[in-house]
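Asker: fold the stuff below for me.
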Amino acid sequence: MTKFTTKFKLLFQIISIITIGFYSGQTALAKKDKKFSATEKKQIEKMIHDYILKHPEIIPEAIELFKKNPEAIARFRAKIEKEQNQKNSETLKNDNGMIYNDQISPVLGNPNGDVTLVEFYDYKCGYCKRSLSIIKELIKTDPNLRVIFKELPILSELSRTAAIISLAVNKQGKFEGFHTALMQTKKNLTEKVIFEIAEKNGVNISKLKKDMNDPLIERALRDNHILANKLGIEGTPGFIIGDKIIPGYVQSNVLREAIRNARNKLKKK
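Answerer: Modelled structure (predicted):
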């Protein structure tokens, strides 16, 4: 899985760790069964914030102590996972249209399939290239599977260029052949190579260059980044199947199981 987590996110997690540790001792600071009020919590958070700014040297010390406490690590991970799952549920509900019906993301497989698999990908991502054969096999063996491709160019400026060209190619109905060829090419990826691959797959280059300026493409790329961020997809590939979010490269059996579970849930409704 290709990551784009920044040091700022890591710092936020570190501060969260310290804060959680502080709150875990609240019963020792307060009377039994008493909890801090909202105002008291804000005051405590400000105290922690100010102290960390004045004494940043405590951060590596806190990390080392945290690493030696497996129970604290487990609690922290469980808390983060629970919060992300809640956030995912809200995003899948509130942004349903943006995910499944944006009118510009390429769709393969059965457009009326009962289960939809959404893939976030980057054309310069090695794991996305490895996922290509898995996705193609799923489409081939599951006649009721709909697959939506979400461009998530995060690795380079060329990734973004490839994404724009890909969405413009889709306007000509040539996405599948172009996508496969671009993912499978052994050539060093350049804008010239991308246009050559498009032309070899029957794309009208003159029309393609005009379509690349379609404002809907720019909006789609922006929306995809927003969705990925909300869903905790920090790199490529990333998948949505039903109510399950799968970050990173996985084997076909993982995706098949998620598809089967999503289908079973539909039958129970």
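Asker: contacts for the helix or strand that contains residue 135, please.
Answerer: Using DSSP states H and E, residue 135 maps to helix 126-141. Helix 126-141 is contacted from outside by 1-2, 108-109, 117, 119, 121-122, 145, 147, 180, 183-184, 236-237, 248-249, 251-252, 255-256, 259, using Cβ atoms under 8 Å, 6 or more residues apart in numbering. (Glycine included, C-beta is placed from N, CA and C.)
Asker: and after it, which helix or strand comes next?
Answerer: Immediately after helix 126-141, counting by DSSP H and E, sits strand 145-151.
Asker: show me what that next one is packed up against.
Answerer: strand 107-109, strand 115-121, helix 126-141, helix 157-170, helix 215-230 (3 or more Cβ pairs under 8 Å, 6 or more residues apart in numbering; DSSP states H and E).
Asker: now it: average pLDDT?
Answerer: For strand 145-151, mean pLDDT is 98.
Asker: give me the angle between that strand and helix 157-170.
Answerer: Counting by axes from the mean of the first three to the mean of the last three Cα atoms, to 10 degrees, strand 145-151 lies at 130 degrees to helix 157-170.
Asker: longest single helix anywhere in the protein?
Answerer: helix 70-94 (DSSP state H).
Asker: pretty sure residue 98 sits against residue 225.
Answerer: No. Between residue 98 and residue 225 no contact is recorded; they are 11.6 Å apart, counting by Cβ atoms under 8 Å.
Asker: where does residue 56 land in three-state SS?
Answerer: coil (DSSP: H, G, I helix; E, B strand; the rest coil).
Asker: so for it, what's the pLDDT?
Answerer: 80.
Asker: who are the packing partners of the longest helix of the chain?
Answerer: helix 7-24, helix 58-67, helix 215-230.
Asker: for the most centrally placed residue in the chain, give its distance to residue 47.
Answerer: Nearest residue to the geometric centre of the chain (Cα atoms, centre = their mean): residue 233, 2.2 Å. Separation of residue 233 from residue 47 (Cβ to Cβ, to the nearest Å) stands at 34 Å.
Asker: next one: residue 204
Answerer: 64 Å.
Asker: how far is the longest helix of the chain from where the chain is centred?
Answerer: 15 Å (Cα atoms, centre = their mean, to the nearest Å).
Asker: what does stretch 202-221 give?
Answerer: On Cα atoms, centre = their mean, the centre of stretch 202-221 falls 24 Å from the chain's centre.
Asker: do stretch 102-110 as well
Answerer: The answer for stretch 102-110 is 18 Å, by Cα atoms, centre = their mean.
Asker: on that earlier part again, by how many degrees do the helix holding residue 135 and strand 115-121 diverge?
Answerer: Using the same axes, to 10 degrees: helix 126-141 against strand 115-121 is 160 degrees.
Asker: list the buried residues in helix 126-141.
Answerer: Neighbour counts using 16 or more other Cβ atoms under 10 Å place 127-129, 131-132, 134-136, 138-139 of helix 126-141 among the buried residues.
Asker: residues near residue 204, how many?
Answerer: By the measure other Cβ atoms under 10 Å, the count of residues near residue 204 is 14.
Asker: quick one: low-confidence parts of this protein?
Answerer: Flagging of the chain using pLDDT under 70 yields the residue ranges 1-36, 65-66, 72-73, 76-77, 80, 269.
Asker: okay, now the domains of it?
Answerer: According to automatic domain parsing, the chain is divided into the following domains: 2-68, 98-268.
Asker: closest one to residue 92 among those domains?
Answerer: domain 98-268 (6.1 Å; Cβ to Cβ).
Asker: list the contacts of residue 57.
Answerer: Contacts of residue 57 (Cβ under 8 Å, 6+ apart): none.
Asker: please report how far it lies from residue 185.
Answerer: 49 Å.
Asker: over to residue 172?
Answerer: From residue 172 to residue 185 the distance is 19 Å (Cβ to Cβ).
Asker: for residue 245, same thing?
Answerer: 29 Å.
Asker: more neighbours: which of these two?
Answerer: residue 245 (21 against 15).
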